[in-house]
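K.L.:
Let me see the structure of the following:
(one chain, ligands or ions: 1)
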Amino acid sequence: MKNDAHELARLVEAVLQSPKYKHVCPEVVRNIGARELATRRNWKEALKATKNKLHQVGGAYFDAGTRYSQWLDALKRAAQIADHTLLRHICMEIMEHHSSTRERLGILDQFYTRTLAGLPPIHRVLDIACGLNPLAIPWMGLDKDVQYYAYDMYTDLADFLNEFMTAIGVQGRAYACDITHSPPPHQADLAFLLKSLPCLEQLDKSASLRLLEAVQADYLLISFPVRSLGGREKGMVQNYEERFWELMSGKPWPVQRFAFATELAFLVSKPEC
Ligand SMILES: C[S@@+](CC[C@H](N)C(=O)[O-])C[C@H]1O[C@@H](n2cnc3c(N)ncnc32)[C@H](O)[C@@H]1O
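P.N.:
Numbers count the residues shown, from 1 in each chain. Here you go, the predicted structure:
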């Protein structure tokens, strides 16, 4: 079908009007919509396919809904009284609402301590396709003056994370963007690409490699899920690991591998940055 500017604008508007997708960054809707308009038989099919894709790469993970203002009230109260145990407890409760962070809760106490042990002090972090992972900042052992930059496709999530970081006294910023088209402009010591590559490859198979090459960070922590959202695990780890080594082929970047019960992680050193 013809992909003219008017049809695309109409499609973006229709997607953003639906309650489920109104907080998706327009750039993401435009990029997916343009591809679907180019390949589907008509506008209606392209609209449906765009919504399906948005669900697959974003909505499906927020399977327990969001209550941003309620969460912020609780976080601000705990931060004000400097109750760190309570703050961690609230962060854990919030992380339950995104399937990716929920799967990490059982290994949270070891995930960052094991993977980041031995790194020089971390002053600047990029969290790419972050979901609710910034809520794990209290477990990361980062420098107290760390600057934390987070990127995901939802505007309301970015607003929430900005208020969260202000509440807990972390400098940085969260952005809503299409990370497959706009790699982070910031330079950092460490970049998290946690469980995000398979997801981004559903939008564009070449996005992972482009992103790995474009990210300006000394270390990349890249991880993969060990089972699908539907609970299947047959052959998944092996496929993801093969894909990871394929992405690394020809790169002179040292790699450390970490296997956890619910996640497979690789710490990649990109010394030329
Ligand atoms: C599998 S989740 C991983 C979340 C987080 N990194 C973690 O491990 O807890 C993938 C995330 O990518 C985000 N996402 C998907 N496509 C994106 C895009 N094109 N640009 C930015 N974020 C995107 C989704 O909203 C979702 O939060």
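
K.L.:
In contact with the residue nearest the centre of the chain, which residues?
P.N.:
With distances taken as C-alpha atoms, centre = their mean, the residue of the chain nearest its centroid is residue 129 (2.0 Å). Contacts here follow C-beta atoms under 8 Å, 6 or more residues apart in numbering; on that basis residue 129 touches 151, 152, 153, 179, 193, 194, 196, 199, 200. C-beta here means a position set from N, CA and C on the backbone, and glycine is covered the same way.

K.L.:
Let me know the helix or strand that the fifth one is in.
P.N.:
Here residue 193 sits within strand 187-194, counting by DSSP states H and E.

K.L.:
Can that strand be said to contact the ligand?
P.N.:
Yes. Contact of strand 187-194 with the ligand (C-beta under 6 Å from any ligand atom) involves residue 194.

K.L.:
what does that strand contact?
P.N.:
100, 104, 116, 119-130, 133, 149, 184, 211-212, 215-223, 263, 265, 273.

K.L.:
What about the residues you listed, which are in strands?
P.N.:
Counting by DSSP state E, those place 124-128, 149, 216-223, 263, 265 in strands.

K.L.:
Separate out the buried members of those residues.
P.N.:
Buried members of the ones in strands among the contacts of strand 187-194, counted by 16 or more other C-beta atoms under 10 Å: 124-128, 149, 217-223, 263, 265.

K.L.:
follow-up on the earlier one: so which of the contacts of residue 129 sit within strands?
P.N.:
151, 152, 193, 194.

K.L.:
list the contacts for residue 226?
P.N.:
For residue 226, the contact set (C-beta under 8 Å, 6+ apart) comprises 233, 236, 237, 261, 262, 263, 264.

K.L.:
can you pick the most crowded of the residues you listed?
P.N.:
residue 263 (22 neighbours; other C-beta atoms under 10 Å).

K.L.:
what's the distance between it and the ligand?
P.N.:
8 Å (C-beta to the nearest ligand atom, to the nearest Å).

K.L.:
Repeat that for residue 101.
P.N.:
The gap separating residue 101 from the ligand is 4 Å, by C-beta to the nearest ligand atom.

K.L.:
what's the neighbour count on the closest residue to that residue other than its chain neighbours?
P.N.:
Closest residue to residue 101 apart from its sequence neighbours, by C-beta to C-beta, 6 or more residues apart in numbering: residue 95 at 3.7 Å. Number of residues near residue 95 (other C-beta under 10 Å) recorded here: 21.

K.L.:
and if you look at the one 4 residues further on?
P.N.:
Around residue 99 sit 18 other residues, with neighbours defined as other C-beta under 10 Å.

K.L.:
List the contacts of the residue lying closest to it once chain neighbours are set aside.
P.N.:
Of all residues not flanking residue 99 in the chain, residue 61 sits nearest, at 4.9 Å (C-beta to C-beta, 6+ apart). By C-beta under 8 Å, 6+ apart, the contact list for residue 61 reads 98, 99, 100, 131, 229.

K.L.:
For the last one, report the pLDDT, please.
P.N.:
The one in question is residue 229. Here the pLDDT value assigned to residue 229 is 65.

K.L.:
Contact residues of the protein facing the ligand?
P.N.:
Counting by C-beta under 6 Å from any ligand atom, the chain sits next to the ligand at 28, 57-58, 61, 100-101, 129-131, 133, 151-153, 178-180, 194-196, 199-200, 203.

K.L.:
just the buried ones among the ones in strands among the contacts of strand 187-194 now: which is nearest residue 69?
P.N.:
Closest approach to residue 69 among those (C-beta to C-beta): residue 127, at 22.3 Å.

K.L.:
can you pull up the bridge partners for that closest one?
P.N.:
residue 150, residue 192 (DSSP bridges).

K.L.:
how close does it get to residue 153?
P.N.:
The gap separating residue 127 from residue 153 is 13 Å, by C-beta to C-beta, to the nearest Å.

K.L.:
since we're on residue 36, how many residues are nearby?
P.N.:
That count, for residue 36 with other C-beta under 10 Å as the rule, works out to 23.

K.L.:
contact partners of stretch 81-101?
P.N.:
60-67, 71, 74-75, 78-79, 102, 104-105, 108, 131-133, 135-136, 138-139, 168, 194-195, 225, 229.

K.L.:
Buried subset of those residues as a ChimeraX selection?
P.N.:
Only the buried entries of the contacts of stretch 81-101 go into this ChimeraX selection, using 16+ other C-beta under 10 Å:
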select :61,62,66,71,74,75,78,79,102,104,108,131,132,133,135,136,138,139,168,194,195,225
